[in-house]
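1. Return atomic coordinates for the entry below.
(2 chains)
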Amino acid sequence: MELLVASGIGLLFAAGTYLLLRGRTFTVVIGLTLLAYGVNGLLFAMGRLNTDKPPVLSLDLEAYADPLPQALVLTAIVIAFGMTAFVVVLILRSFLEVGSDHVDGTEPGDPGTLRTYPDGSPVEPVRAAAADSQEDRS
Amino acid sequence: MQLALIVLLPFIGAVLPALMIRAGRNACAIATFTVTATALLILLVQAPRVFAGEVLHFRAEWLPSLGLDVNFFLDGYGFLFAGLILFIGLLIITYARFYLAKEDPMGRFMAFLLLFQGAMVGIVLSDNILLLLIFWELTSLTSFLLIGYWSHLPEGRQGARMALIVTGSGGLSLIGGMLLLGHIAGSYDISVIITRGDVIQASPYYIPALLLILGGCFTKSAQFPFHFWLPHAMAAPTPVSAYLHSATMVKAGIFLLGRLWPALSGTDAWFYIVATTGLATMVIGAWIALFKDDLKGLLAHSTVSHLGLVTFLFGIGTPFAALAGVFHIINHATFKAALFMNAGIIDHEAGTRDIKRLGGLVHLMPIAATMAVIAALSMAGIPPFNGFMSKEFMLEAAGHTAWFGLAFDPTVAIIATIGATFSVAYSLRYIIHVYLGPKRDDYPHQPHDPPFGMWAPPALLVVLVVLIGLFPNTIVGPLLATSAGAVIGADLPYYSLSLWHGLTPALFMSIFAVGAGYFLLTRHSRAVTFRERFYRPEAKEIFDNAVAKIVGWSRTGTWALQNGSLQRYLAAMTGMALIGGYGAYLGASSAPGSNPMLPVPALAVVGWLLLVGACAAVVILHRERLFTLVLVGVIGVIVSLGFLYLSAPDLALTQISVEVVTVILLLLALNFLPKKTPIESPMPIKARDGVLAVLAGIGITGAVYAMLRRDVDSISAFHLANAYGGGGGTNVVNIILVDFRGIDTYGEIIVLGIAALCIVALLDTAMQGASGRRIANWQVDMRRSADRHPLLLVVGTRVMLAFALVVGAYIFLRGHNDPGGGFIAGLVVAIALIMQYMASGFAWAQRRAGLDYHSVIGWGVLVAGLTGVASWLFDYPFLTSWFDYITLPIVGTFEVASAIAFDLGVFLCVVGSVMLALSRLSRVGRIAEHLDVAEGPMDVDPSLHPNGPPSETRPTSSVAAQ
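-> A predicted model of the protein is given here:
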């Protein structure tokens, strides 16, 4: 059972990480959701695995599952929902503002994506360095 | 206290010139002068005690845990330097008042000058080496400001930058060296370190410490091969050059060599590194100086050469040589400062510093010429001036130095004589090519002697040059004895301060040098041709290329990580986290855990396989966004089933209800977003991300598995034991949430509420600007059901609502003793309400609900907070819970706990937040689709039209969307 739980959590992490690294915001949110499942599972596993020992006091049970990680995970689930809701609305608004759901805010290949350094020098590293060193000579 | 005051005065006083400049340039100069004069006065008051051999201390703790304390000490050596810095500072301030043009911002200049002066005095008076390092860096920074003072000139900026890079890098090296030195000596106080020379030299860290410290000293004092920055720093205004390169900045390295001389000198390493560097610098500097046509360039290289001379003397390692070094520091400061100011006068009055355009100035500027001749002769080492004596000392010391350790070993003496020859040649050139010769008529300006304020400061120094030469014992005898004594630390060697020492070898070397030097000058043009035949590396070009290369590399390196793509940043961060995690794993032993495993029922395997399948499907099919949502729902259900199986019923309930809400939310958002993800990641990127993801998964699997097979030492035993007695309930998870860790929960619901309010803020403003235009021009991109609010759904959800609310109430009430509670109940009730909104339309449901969800959130937080505050009334801490059992007729005995009020707050907050977020999102959806607010709950309402529907009930836009 331990192996199944561990690999399940690992699987959620792997899938979440992969989706998180995609370029579109919706996919990133899905990745975040999967990652949240994984993290909750990880936290929960801190209390070790038990079956048929819910932490509800009763006369029939001698031992109980660790209630503390459960309490933490319970709030984590709700907070993860709050965070997901906020992020979803954020990406929605950003899509409405810039017209692209790419994480960088611009469609790849769009000439508007030509990036510059804060000082305005061009993106190409070699040319940028040369321009910089000539700055004073002129 | 006075010691600290000497250092602090210039720093504090730096405010004065900046303010006084408003009252005019004279006021500004006088204020600066007063500050320096006061500091000098305080220093001179200490003179009797210093000359009596006393060492004055000032100690104050600053950061004792780091060994950094404000410790100053004043001995003869420190007195000499502090005196030089402040005295020449006074002359420079006077000179600068007349040198600077009207349009130069003098307030800034004087303020920089005082800051620099304070930093220099700080170096020479610091006892704590860490404090010294701070002042050392301060000199680098303030000299940067001074050298780049004329920031409109590119040479000024470049020179300042070069000086900063070279001396700043040296400063880094010095920090390393000083820390090592303090570690070896066991103390960060110089006064202690210089008494522990034998311990230091026996340490295996001696060589590294020595090399690092010398790196700092040599860069600061412009020793070969770091000498190139000094000539470029000549782009500074002449007062700055005169100050920095005669008595201060470049002397800092020399000062430190002398200061640490007792601790570091005397070894072979010291001799071969320091003496060789000094000797080489002396000869190379003098050789280059001979060919510089720019007066300041000539003086700059001459400075390099003389610094090399002092370094060479300290490097020899004998007390006599060290004494000669200290003597030359005094002499060099006097004649070099005078010469720099003289060069400034020529530049100022004749309009050029180019030797080729000068000559014959003696007829036009007799005062300046007299001073120049005396100072330059002193620099050449011609009697009866002070430069002669220290040069004799140097040649004497060189004559007694054996390079290879042989009995007859004249190498050093010969090289030193060659250096002296060049020195004579360029000094005479300063006199002959500039002042002597016929008067010319093509000077850029008509030269004449400068105003009194400009020639008085160098004149004072020239007087000193002569007096020291004629009456050395009276003028500098005691000062030299005290300061050299402080360097050597033991009894002074035999020396005699006089012009005539008899027919010594040094005298013959001197005579040869003067003769050969003069001869060389007469063949100057031929020497120039000779020199130009060889390739000469241009230091500035090499330096600029090196800097450009480094900048290029760092650009490339930065570009590889920081190209503006968030995906790349995230991949880099994930990669770093993986490296950290796997690094820790490889660096530690990791035996597998030994606890027995739980058995695996067949159902668990099915669930696991479902999870694997769903995860794989999400990854493979993530471009189909709607389908992805279905899969996410599947995963959520499996996770909640897992919680259920693993003894966490509360979590299972929470997870499954959150799942519903999340999917609804994502669906609403997806309404606006593209329904498919384009294919754009190239294969290598996919492979990279895949590798990162797989590694992350494996790492987490391993970590979780290793953890699960080990014992846990949990604090939960306390919670289990006290839940019933202290919290009055049996559901320990709920008791933890509302009681033990109530304040956490309180924080959580506030965060949830804030998230909901932020969503409102984001969506309510979405109707403006670019976002508003996009919504206004929205094209519905999916097929819509013709029946927006189907009869069956409307009626069904209404029936369900009552049941759902009862279930919510039930879950809420049982939460204290059985799985349930405010969080879960809140989600269940929210889902029940959402169903009404979905079925009957936003407006209809909102009218009937009559709830302002903003205030529901507010009430939730308020109720929870007030429950906590209530415990104050009974003198208990915030959120202490109370419970009791009440017996009512019919109902029976039941429990009343204050925790349930807190849970009510949680409940309200969850309901409010979820409803607020979803309702706002759906409202934007309605506006975007240009749908009218539906009046009735159903599109087709049989009760309104018993005879059949009217002909026009469909909203037009859903037809248009087809």
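2. Would you tell me what the next helix or strand after the host helix or strand of B:A845 is?
-> Take DSSP states H and E as the rule and B:A845 turns out to sit in helix B:842-849. Later in the chain than helix B:842-849, the nearest helix or strand by DSSP H and E is helix B:853-873.
3. Quick check: buried residues in that following helix?
-> Neighbour counts over helix B:853-873 (16 or more other CB atoms under 10 Å in any protein chain shown) mark B:853, B:856-861, B:863-865, B:867-868, B:870-871 as buried. Using the backbone N, CA and C atoms, a C-beta is placed for each residue, glycine as well.
4. and which of the residues you listed is nearest to chain A?
-> Using CB to the nearest CB, B:I857 comes nearest to chain A of the buried residues of helix B:853-873, at 11.5 Å.
5. tell me the contacts of that closest one?
-> Listed by CB atoms under 8 Å, 6 or more residues apart in numbering or on different chains, the contact partners of B:I857 are B:753, B:756-757, B:908-909, B:912-913, B:916.
6. For A:L19, grab the count of nearby residues.
-> Using other CB atoms under 10 Å in any protein chain shown, A:L19 has 25 other residues around it.
7. residue ranges with poor pLDDT in the chain?
-> If you meant another chain, say so; for now it's chain A. Chain A contains residues with pLDDT under 70 at A:109-138.
8. To clarify, I was referring to chain B.
-> For chain B, the ranges with pLDDT under 70 are B:407, B:891-894, B:932-935, B:939-942, B:944-962.
9. ok so B:E895 is a helix residue?
-> No. Counting by DSSP: H, G, I helix; E, B strand; the rest coil, B:E895 is not part of a helix but strand.
10. Mind checking what secondary structure the spatially closest residue to it that is not a sequence neighbour has?
-> Distances taken as CB to CB, 6 or more residues apart in numbering or on different chains place B:Y885 nearest to B:E895, at 5.4 Å, with adjacent residues excluded. Here B:Y885 is recorded as strand under three-state DSSP.
11. Tell me how many other residues surround B:Y885.
-> The burial count assigned to B:Y885 is 10, neighbours taken as other CB under 10 Å.
12. ok, now B:G580?
-> Neighbours around B:G580, by other CB under 10 Å: 10.
13. SS state for it?
-> Here B:G580 is recorded as helix under three-state DSSP.
14. tell me the contacts of it?
-> Counted by CB under 8 Å, 6+ apart, B:G580 has zero contacts.
15. same deal with B:V738?
-> Going by CB under 8 Å, 6+ apart, B:V738 touches B:727, B:745, B:816, B:821-822, B:881, B:899-900, B:902-903, B:906.
16. swap the cut-off to 7 Å and go again
-> For B:V738, the contact set (CB atoms under 7 Å, 6 or more residues apart in numbering or on different chains) comprises B:745, B:899, B:902-903.
17. Which ones, among the contacts of B:I857, also lie beside chain A?
-> Among the contacts of B:I857, the ones lying near chain A by CB under 7 Å from any CB of the partner chain are B:S913.
18. Just flag the most distant two among the contacts of B:I857.
-> B:L757 and B:L908 (14.7 Å; CB to CB).
19. Have a look at those two and say which one is more surrounded.
-> Remark: of B:L757 and B:L908, B:L908 carries more neighbours, 26 against 18, as counted by other CB under 10 Å.
20. Which strand or helix spans the more buried one?
-> Using DSSP H and E, B:L908 falls within helix B:898-928.
21. could you give the angle of that helix to helix B:842-849?
-> For helix B:898-928 against helix B:842-849, the angle by axes from the mean of the first three to the mean of the last three CA atoms, to 10 degrees is 150 degrees.
22. Was I right to think A:G23 contacts A:H102?
-> Yes. Because the distance of 5.6 Å satisfies CB atoms under 7 Å, A:G23 is recorded as touching A:H102.
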